[in-house]
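Enquirer: next one to model:
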Amino acid sequence: MAYFGGLLALIGVLTLVFEDGDVVGLPAVVVGVGLLVLGLVVGALGIVRRRQVRRRKIARGEPVPVGNVVDRAKALPRLIRAARRGTYGELPQRRMFLWVLALVYLVSPIDILPDLLPVIGVADDAGVAVWLLTSVSTATGLYLRHERDRLPGREPGSGGASR
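Expert: The predicted structure is shown next:
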(Lines give C-alpha, C1' and ligand atoms only; values in the text may rest on other atoms or scores of the structure.)
Protein backbone atom coordinates (compact mmCIF):
# COMPACT_ATOMS: atom_id res chain seq x y z
CA MET A 1 0.00 0.00 0.00
CA ALA A 2 2.88 2.34 0.74
CA TYR A 3 4.48 1.59 -2.63
CA PHE A 4 1.17 2.09 -4.43
CA GLY A 5 0.75 5.45 -2.69
CA GLY A 6 4.21 6.49 -3.82
CA LEU A 7 3.38 5.43 -7.36
CA LEU A 8 0.14 7.42 -7.33
CA ALA A 9 1.99 10.47 -6.03
CA LEU A 10 4.60 10.07 -8.77
CA ILE A 11 1.89 9.84 -11.43
CA GLY A 12 0.33 12.98 -9.96
CA VAL A 13 3.61 14.89 -10.16
CA LEU A 14 4.23 13.67 -13.71
CA THR A 15 0.72 14.76 -14.67
CA LEU A 16 1.39 18.21 -13.23
CA VAL A 17 4.70 18.53 -15.03
CA PHE A 18 4.02 17.03 -18.46
CA GLU A 19 0.27 17.21 -19.15
CA ASP A 20 -0.86 20.43 -20.81
CA GLY A 21 -4.41 19.47 -21.79
CA ASP A 22 -7.43 18.04 -20.08
CA VAL A 23 -7.35 14.56 -18.57
CA VAL A 24 -10.70 12.76 -18.70
CA GLY A 25 -12.42 16.11 -19.09
CA LEU A 26 -10.73 17.65 -16.03
CA PRO A 27 -7.89 20.16 -16.01
CA ALA A 28 -4.49 18.47 -15.67
CA VAL A 29 -3.73 20.49 -12.55
CA VAL A 30 -6.81 19.13 -10.75
CA VAL A 31 -6.00 15.54 -11.73
CA GLY A 32 -2.31 15.95 -10.83
CA VAL A 33 -2.97 17.50 -7.43
CA GLY A 34 -5.71 14.96 -6.71
CA LEU A 35 -3.42 12.03 -7.52
CA LEU A 36 -0.59 13.58 -5.53
CA VAL A 37 -2.75 14.05 -2.43
CA LEU A 38 -4.35 10.62 -2.81
CA GLY A 39 -0.91 9.06 -3.21
CA LEU A 40 0.44 10.74 -0.10
CA VAL A 41 -2.58 9.65 1.97
CA VAL A 42 -2.46 6.06 0.70
CA GLY A 43 1.31 5.94 1.25
CA ALA A 44 1.02 7.21 4.82
CA LEU A 45 -1.76 4.72 5.59
CA GLY A 46 0.39 1.96 4.11
CA ILE A 47 3.32 2.84 6.34
CA VAL A 48 1.11 2.92 9.45
CA ARG A 49 -0.47 -0.42 8.49
CA ARG A 50 2.93 -2.02 7.84
CA ARG A 51 4.17 -0.99 11.28
CA GLN A 52 1.06 -2.38 12.96
CA VAL A 53 1.36 -5.71 11.15
CA ARG A 54 5.04 -5.93 12.05
CA ARG A 55 4.31 -5.30 15.75
CA ARG A 56 1.58 -7.97 15.73
CA LYS A 57 3.88 -10.51 14.09
CA ILE A 58 6.66 -9.83 16.59
CA ALA A 59 4.19 -10.13 19.49
CA ARG A 60 3.01 -13.52 18.17
CA GLY A 61 6.58 -14.72 17.63
CA GLU A 62 6.22 -14.97 13.84
CA PRO A 63 9.28 -14.37 11.66
CA VAL A 64 9.46 -10.93 10.10
CA PRO A 65 11.49 -10.01 7.01
CA VAL A 66 14.94 -8.51 7.58
CA GLY A 67 17.44 -6.62 5.45
CA ASN A 68 17.31 -3.46 3.41
CA VAL A 69 16.47 -3.19 -0.29
CA VAL A 70 20.05 -3.88 -1.42
CA ASP A 71 20.41 -6.93 0.86
CA ARG A 72 17.12 -8.30 -0.38
CA ALA A 73 18.02 -7.73 -4.04
CA LYS A 74 21.30 -9.57 -3.52
CA ALA A 75 19.46 -12.43 -1.80
CA LEU A 76 16.97 -12.98 -4.64
CA PRO A 77 19.23 -15.23 -6.78
CA ARG A 78 20.15 -17.29 -3.70
CA LEU A 79 16.47 -17.60 -2.78
CA ILE A 80 15.53 -18.81 -6.26
CA ARG A 81 18.42 -21.33 -6.33
CA ALA A 82 17.53 -22.66 -2.88
CA ALA A 83 13.83 -22.93 -3.74
CA ARG A 84 14.56 -24.74 -7.03
CA ARG A 85 16.95 -27.17 -5.28
CA GLY A 86 14.37 -27.80 -2.57
CA THR A 87 16.64 -26.68 0.29
CA TYR A 88 14.29 -23.81 1.17
CA GLY A 89 10.72 -25.02 1.39
CA GLU A 90 9.14 -21.78 2.60
CA LEU A 91 8.65 -20.44 -0.95
CA PRO A 92 5.96 -22.36 -2.83
CA GLN A 93 6.60 -23.10 -6.50
CA ARG A 94 3.29 -21.47 -7.37
CA ARG A 95 4.53 -18.14 -6.01
CA MET A 96 7.56 -18.20 -8.30
CA PHE A 97 5.19 -19.11 -11.16
CA LEU A 98 3.05 -16.07 -10.29
CA TRP A 99 6.19 -13.89 -10.30
CA VAL A 100 7.00 -15.09 -13.81
CA LEU A 101 3.40 -14.45 -14.94
CA ALA A 102 3.54 -10.94 -13.47
CA LEU A 103 6.81 -10.21 -15.30
CA VAL A 104 5.36 -11.51 -18.57
CA TYR A 105 2.24 -9.37 -18.06
CA LEU A 106 4.32 -6.25 -17.38
CA VAL A 107 6.52 -6.79 -20.43
CA SER A 108 3.82 -7.91 -22.86
CA PRO A 109 2.00 -5.34 -24.98
CA ILE A 110 -1.36 -6.98 -24.16
CA ASP A 111 -3.11 -5.40 -21.15
CA ILE A 112 -6.42 -5.95 -19.42
CA LEU A 113 -6.90 -2.18 -19.46
CA PRO A 114 -5.23 -0.51 -22.47
CA ASP A 115 -2.52 2.02 -21.64
CA LEU A 116 -4.24 4.49 -23.96
CA LEU A 117 -6.82 5.18 -21.25
CA PRO A 118 -5.52 8.04 -19.11
CA VAL A 119 -4.59 7.14 -15.53
CA ILE A 120 -6.72 3.97 -15.51
CA GLY A 121 -4.63 2.43 -18.30
CA VAL A 122 -1.51 2.29 -16.20
CA ALA A 123 -3.35 1.32 -13.00
CA ASP A 124 -3.43 -2.39 -13.84
CA ASP A 125 0.29 -2.38 -14.65
CA ALA A 126 1.00 -0.39 -11.49
CA GLY A 127 -1.02 -2.82 -9.37
CA VAL A 128 0.81 -5.84 -10.80
CA ALA A 129 4.19 -4.11 -10.36
CA VAL A 130 3.43 -3.16 -6.76
CA TRP A 131 2.27 -6.71 -5.94
CA LEU A 132 5.37 -8.18 -7.59
CA LEU A 133 7.78 -5.87 -5.77
CA THR A 134 6.06 -6.40 -2.43
CA SER A 135 5.89 -10.17 -2.81
CA VAL A 136 9.53 -10.51 -3.90
CA SER A 137 10.71 -8.13 -1.18
CA THR A 138 8.85 -10.01 1.55
CA ALA A 139 10.02 -13.41 0.33
CA THR A 140 13.66 -12.32 0.13
CA GLY A 141 13.44 -10.67 3.55
CA LEU A 142 12.14 -13.92 5.04
CA TYR A 143 14.88 -15.84 3.24
CA LEU A 144 17.48 -13.50 4.74
CA ARG A 145 15.94 -14.20 8.16
CA HIS A 146 16.23 -17.93 7.39
CA GLU A 147 19.90 -17.54 6.40
CA ARG A 148 20.73 -15.51 9.50
CA ASP A 149 18.97 -17.97 11.79
CA ARG A 150 21.06 -20.81 10.34
CA LEU A 151 24.39 -19.13 11.14
CA PRO A 152 26.38 -21.00 13.80
CA GLY A 153 26.10 -19.62 17.33
CA ARG A 154 22.86 -17.78 16.66
CA GLU A 155 19.49 -18.40 18.19
CA PRO A 156 16.58 -18.60 15.72
CA GLY A 157 14.63 -15.35 15.62
CA SER A 158 17.49 -13.23 16.99
CA GLY A 159 17.70 -11.54 13.59
CA GLY A 160 20.27 -8.88 13.07
CA ALA A 161 18.84 -5.98 11.17
CA SER A 162 15.66 -4.42 12.44
CA ARG A 163 14.03 -4.31 9.01
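Enquirer: relative to Ala73, how far out is Ser135?
Expert: 14 Å (C-beta to C-beta, to the nearest Å). Heads up, the C-betas are built off the backbone N, CA and C, glycines and all.
Enquirer: list the buried residues for stretch 13-29?
Expert: Thr15, Val23, Ala28 (16 or more other C-beta atoms under 10 Å).
Enquirer: with stretch 43-60 instead?
Expert: Result for stretch 43-60 [16+ other C-beta under 10 Å]: buried residues Gly43, Gly46.
Enquirer: can you list contacts of it?
Expert: Met1, Ala2, Tyr3, Phe4, Gly5, Gly6, Leu8, Ala9, Pro63, Val64 (C-beta atoms under 8 Å, 6 or more residues apart in numbering).
Enquirer: among these, which one has the lowest pLDDT?
Expert: pLDDT across the contacts of stretch 43-60 is at its lowest for Pro63, which sits at 70.
Enquirer: so where is this protein shaky, pLDDT-wise?
Expert: Along the chain, the model assigns pLDDT under 70 to residues 61, 112-119, 153-163.
Enquirer: can you show me the helices along it?
Expert: 2-18, 28-60, 69-85, 93-107, 120-149 (DSSP state H).
Enquirer: gap between the third one and the chain center?
Expert: Helix 69-85 has its average C-alpha position 16 Å from the chain's average C-alpha position, going by C-alpha atoms, centre = their mean, to the nearest Å.
Enquirer: tilt between it and helix 93-107?
Expert: 120 degrees (axes from the mean of the first three to the mean of the last three C-alpha atoms, to 10 degrees).
Enquirer: tell me which residues in helix 69-85 are buried?
Expert: So, applying 16+ other C-beta under 10 Å, buried residues of helix 69-85: Arg72, Ala75, Leu79, Ile80, Ala82, Ala83.
Enquirer: what's the spacing between Val29 and Gly121?
Expert: 20 Å.
Enquirer: cool, and Thr140?
Expert: 30 Å.
Enquirer: more neighbours: which of these two?
Expert: Thr140 (25 against 15; other C-beta atoms under 10 Å).
Enquirer: all set now, cheers.
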